[in-house]
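*Asks:* coordinates only, sequence not included:
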């Protein structure tokens, strides 16, 4: 039997979205169902609640056969230090990494002292392939000829994956075990709305990973490349059952649906809403989608079913900037204003994602987009344009860490300063949108009843 630790290494997050952390627990749940797996533990050391001494204790005392390290765009800062701790304190452990960054820039991870890298497919499939292979091989863990979606170290080189990694049907997903998630730490991140993190302050969130994959195909989004252009979605019954069970066991106050384009399947959304209206499961909830996949009737139904926030990718209202967007994401101002009216009538907060530095846009145009969105009552969440396709395997940790949707990255980063020391006016103007003072805070928590004290 193979004992496994799944860990998010210590680092200071540049952004926090609890949904991005759910794969840690879904991979753990999936491994627990594998016959060759023994003990499976999880550790979120990236929520600012754990020090390196605590990590060292875990590694030294746990003596895991496999340590699966979750990676992300901004979680690489502590990776090298974590690997050093793992090699020193648990020298017999095999180290594999999985996550959004290794799925987009897997070559970057080959510079580190890792034994395997999940490069493609669902994370559960890649980690399970490696763990199951080690269990069959036994010490000294003779690697196979190759694994689907996983690169395996062999001496000084690497065995390339044999084909693309596997993808699970939604019925095979194992939703997160709420008993092992540090919600008190999540609450801390969401308490300050001026940071514009995705959660709702002063209320506890249950994340429901409802769908994977997206056919929209934005080039600044990682979802299609990692999870495919075909959407996979949980059955409504499974969603209802998970919410009911979670609310019975823990004082959650609203649901966050983690799906790239929540209203892509309108029939599914209507069924879910009708079930919420009928009860007995009737939570407050929020979701993210596109303007194109919404309509007045659907928004009204969502409001009656308990929806309190809809987030949409407005991106920009500048005509020159919209030319590079997929056709379904090119938004006319009148359509956005109409959506704002629908949301207001339905009692739903409209949250507009806006991209700063999108090719074809200007700082002045971005300011106009933000002001227009606010003028119709929308909450605005700006992020920096991040050209993931410009990442390369030979980048340093510092270079890769810039691809965090907050700093200017890629080719633009090389021009961010005029003399190597002071930001150019253009860069400074962009950063003002993300890091300037924010005094327009949400009040949507007032629409969500509080449950028993935590």
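*Replies:* Sure thing, it's come through. Note that the coordinates shown come from a computational prediction; the quantities given were computed from them, not determined experimentally.

*Asks:* so how far does stretch 395-404 reach from one end to the other?
*Replies:* 14 Å (CA to CA, to the nearest Å).

*Asks:* Give me the contacts around it.
*Replies:* If you take CB atoms under 8 Å, 6 or more residues apart in numbering as the criterion, stretch 395-404 is touched by 14-15, 73-74, 76-77, 79-80, 101, 105, 108, 386, 388, 391, 408-410, 413. C-beta: built from backbone N, CA, C; applies to glycine.

*Asks:* how much space between the nearest residue to residue 38 once chain neighbours are set aside and residue 70?
*Replies:* Nearest in space to residue 38, with sequence neighbours left out and distances taken as CB to CB, 6 or more residues apart in numbering, is residue 1 at 3.3 Å. To residue 70, residue 1 is 22 Å away according to CB to CB, to the nearest Å.

*Asks:* again with residue 216
*Replies:* Per CB to CB, residue 216 is found 25 Å from residue 70.

*Asks:* between the two, which one's more packed in?
*Replies:* residue 70 (27 against 22; other CB atoms under 10 Å).

*Asks:* how close does that one get to residue 266?
*Replies:* In terms of CB to CB, residue 70 sits 33 Å off from residue 266.

*Asks:* Show the low-confidence segments of this protein, by residue range.
*Replies:* 137-143, 414-423, 453-454 (pLDDT under 70).

*Asks:* can I see the domain layout of it?
*Replies:* The record's domain parsing of the chain by automatic domain parsing lists 2-159, 191-385+417-447.

*Asks:* Among the ones you listed, show me which one is buried the most.
*Replies:* Mean neighbour count, computed with mean count of other CB atoms under 10 Å, is highest for domain 2-159 among the domains of the chain, reaching a mean of 19.

*Asks:* what residues does stretch 437-451 touch?
*Replies:* Residues contacting stretch 437-451 (CB under 8 Å, 6+ apart): 193-194, 196, 200-204, 251-254, 284, 308-309, 347, 349, 374, 379-380.

*Asks:* from the chain's centre, how far out does it sit?
*Replies:* 22 Å (CA atoms, centre = their mean, to the nearest Å).

*Asks:* Stretch 431-440 now?
*Replies:* 22 Å.

*Asks:* now stretch 251-264
*Replies:* 13 Å.

*Asks:* now swap in stretch 180-198 and tell me
*Replies:* Relative to its parent chain, stretch 180-198 has a centroid offset of 14 Å by CA atoms, centre = their mean.

*Asks:* Touching that stretch from outside, list them.
*Replies:* 13, 15-19, 21, 25, 28, 42, 44, 47-49, 199-202, 204-205, 250, 256, 311, 380-382, 437-439, 441-442, 454.

*Asks:* which residues touch residue 303?
*Replies:* Contact analysis of residue 303 by CB under 8 Å, 6+ apart lists 343, 345-348.

*Asks:* Now render these as JSON lines, adding secondary structure.
*Replies:* Output for those, formatted as JSON lines (DSSP: H, G, I helix; E, B strand; the rest coil):
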{"residue": "343", "secondary structure": "helix"}
{"residue": "345", "secondary structure": "helix"}
{"residue": "346", "secondary structure": "helix"}
{"residue": "347", "secondary structure": "coil"}
{"residue": "348", "secondary structure": "coil"}
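
*Asks:* Out of those, which is nearest to residue 270?
*Replies:* residue 346 (14.5 Å; CB to CB).

*Asks:* Surely the closest one and residue 306 touch.
*Replies:* No: taking contacts as CB atoms under 8 Å, residue 346 lies outside contact range of residue 306: 10.8 Å.

*Asks:* picking that back up, mind listing which of the contacts of stretch 180-198 are in helices?
*Replies:* Those of the contacts of stretch 180-198 mapping onto helices are 18-19, 21, 25, 28, per DSSP state H.

*Asks:* With respect to residue 321, which of those is nearest?
*Replies:* For the ones in helices among the contacts of stretch 180-198, the nearest to residue 321 is residue 19 (26.6 Å; CB to CB).

*Asks:* Kindly provide the distance from that closest one to residue 206.
*Replies:* 11 Å.

*Asks:* so what sits against both of the two?
*Replies:* Residues touching both residue 19 and residue 206 (CB under 8 Å, 6+ apart): residue 256.

*Asks:* ok so, going back, dump the domains of the chain to a markdown table, plus distance to residue 167.
*Replies:* Below are the domains of the chain laid out as a markdown table (distance: least, CB to CB, whole Å):
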| stretch | distance to residue 167 |
| --- | --- |
| domain 2-159 | 5 |
| domain 191-385+417-447 | 7 |
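
*Asks:* I'd like to know how far residue 346 sits from residue 375.
*Replies:* Between residue 346 and residue 375 the computed distance is 19 Å (CB to CB).

*Asks:* Quick check: the gap between residue 110 and residue 35.
*Replies:* To residue 35, residue 110 is 31 Å away according to CB to CB.
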